[in-house]
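Visitor: my questions are about this predicted structure, shown below with the sequence.
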Amino acid sequence: MKPIRKAVIPAAGFGTRLLPATKTVPKEMLPIIDTPVIQLVVEEAVEAGCEEILIIVSRGKSALEDYFDRAFELEAVLQNKGKTDFLEAIRRPAQLAKITFIRQQEMRGLGDAVLLAREFVGDEPFLLLLGDTIVRSDDGQSVARLLVDTYAANQGAVIAVEPVAREFISRYGIVDGAPVPGQTDVFRLNTLIEKPEPEEAPSNLAVCSRYLLTPDVFDYLAETKPGKNGEIQITDALRQSALARPMFARQIHGHRYDAGSKLGYVKANVLLGLQRPDMREQLASFIKELAQTL
């Protein structure tokens, strides 16, 4: 079995849900406390064993490239002032992995963005992690690592899924599958349906921003016709792939933070802030005090 060495992170969207902040600052660069969302996503890929990462950007997102580069002038200032903690923190992004960038010149959907990674991926399986979403499992294990382990056990592409309330089903890609004997929370997929109405959905298990895909997906993406708004949907390509070879879903027990939305971004800062030893106690006390005034 080939190891999972590569990850692809689409980060080309306009971030319209967080305007006006994202007029000049990429949504992936907005901080969760003091760390940009994109760094948290890259760290998840690295924790899962990835050594090479491709970030797909668009015009106006050069801040992402700058962030994962060295800042020698700032490093020199911090070094001279003896601020070693800050020095280590700003050096860390450039040390995480070999990170390269490619531009999506026209916004034609997630499927089109992923198709740009074909040459980078080659003939290897790879992780696909959306760049504006943070996913954490309750047991603390990396979701990307869970997908790698599930892939190793089943030798097929794996999609992370989570249960969603009935009223939200029409917002997501929904999977139809059967439990795999002897494996907890793993399903053999029959098909995927993009944003079905609740009464038409085969389950309440929604795709949740993390995938481990095999290189054959590029053949299906190349054949997928644009749909609504001229976008190529990756769900359409995955549905065709699932008909040809085994594909699996891994249910995640945890939390998904959509940091590309206003409410999701606020929740991510609060909930992840509560997990930090340096602020947990004070933040929890503030929340309790605030709750009493509402």
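Guide: Received the coordinates, thanks.

Visitor: pLDDT of stretch 260-274, averaged?
Guide: The average pLDDT for stretch 260-274 rounds to 93.

Visitor: test my guess that residue 2 contacts residue 121.
Guide: No - using CB atoms under 8 Å, residue 2 is not in contact with residue 121; the gap is 11.4 Å. To be clear about C-beta, it is placed using only N, CA and C from the backbone, and glycine gets the same treatment.

Visitor: more neighbours: these two, which one.
Guide: More crowded of residue 2 and residue 121, by other CB atoms under 10 Å: residue 121, with 22 against 8.

Visitor: from the chain's centroid, how far away is the host helix or strand of residue 147?
Guide: Taking DSSP states H and E as the criterion, the element that holds residue 147 is helix 143-154. Centroid displacement of helix 143-154 relative to its chain, using CA atoms, centre = their mean, to the nearest Å, is 15 Å.

Visitor: likewise for stretch 166-180?
Guide: Relative to its chain's centre, stretch 166-180 lies at 18 Å (CA atoms, centre = their mean).

Visitor: in it, what counts as buried?
Guide: Within stretch 166-180, the residues that count as buried by 16 or more other CB atoms under 10 Å are 169, 172, 173, 174, 175, 176, 177, 180.

Visitor: and what of stretch 149-156?
Guide: By neighbour count on 16+ other CB under 10 Å, the buried set for stretch 149-156 is 149, 150, 151, 154, 156.

Visitor: show the pLDDT at the residue of the chain most remote from its centre.
Guide: Centroid-distance maximum for the chain: residue 80 at 37.0 Å, with CA atoms, centre = their mean. You'll see residue 80 listed with a pLDDT of 94.

Visitor: partner strands of whichever helix or strand comes after the helix holding residue 147 and their direction?
Guide: For helix 143-154, the following helix or strand on the C-terminal side (DSSP H and E) is strand 157-163. Applying DSSP bridges to the sheet, strand 157-163 is found paired with strand 205-213 (antiparallel), strand 247-251 (parallel).

Visitor: mind putting the ones you listed into JSON lines with mean pLDDT, mean neighbour count and distance to residue 236?
Guide: Output for those, formatted as JSON lines (pLDDT from 0 to 100; neighbours: other CB atoms under 10 Å; distance: least, CB to CB, whole Å):
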{"stretch": "strand 205-213", "mean pLDDT": "94", "mean neighbour count": "24", "distance to residue 236": "13"}
{"stretch": "strand 247-251", "mean pLDDT": "96", "mean neighbour count": "24", "distance to residue 236": "14"}
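
Visitor: those: which one's closest to residue 192?
Guide: For residue 192, the closest of the strands paired with strand 157-163 is strand 205-213, at 7.2 Å, according to CB to CB.

Visitor: now the angle from the closest one to helix 143-154?
Guide: Counting by axes from the mean of the first three to the mean of the last three CA atoms, to 10 degrees, strand 205-213 lies at 70 degrees to helix 143-154.

Visitor: what does strand 205-213 rub up against?
Guide: Outside strand 205-213, the residues that touch it by CB atoms under 8 Å, 6 or more residues apart in numbering are 4, 125-130, 133, 135, 143-144, 147-148, 150-151, 157-164, 168-169, 171-175, 177, 187, 192, 235, 238, 249, 251-252, 256.

Visitor: following that strand, which helix or strand comes up?
Guide: Once the chain leaves strand 205-213, the next helix or strand it forms, by DSSP H and E, is helix 217-223.

Visitor: next, the angle from the helix or strand just after that following helix to strand 157-163.
Guide: Next helix or strand after helix 217-223 toward the C-terminus (DSSP H and E): helix 234-244. Angle, helix 234-244 to strand 157-163, by the same axes, to 10 degrees: 120 degrees.

Visitor: using CSV, write out every CA atom in helix 234-244.
Guide: Written as CSV, here are the backbone C-alpha positions of helix 234-244 (Å, rounded to 0.1, in the frame of the first residue of the first chain):
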residue,chain,number,x,y,z
ILE,A,234,-16.9,16.9,-6.8
THR,A,235,-19.9,14.9,-5.5
ASP,A,236,-20.8,14.0,-9.1
ALA,A,237,-17.4,12.6,-9.8
LEU,A,238,-17.3,10.7,-6.5
ARG,A,239,-20.7,9.2,-7.3
GLN,A,240,-19.4,7.8,-10.6
SER,A,241,-16.2,6.5,-8.9
ALA,A,242,-18.3,4.7,-6.2
LEU,A,243,-20.1,2.8,-9.0
ALA,A,244,-16.8,1.5,-10.4
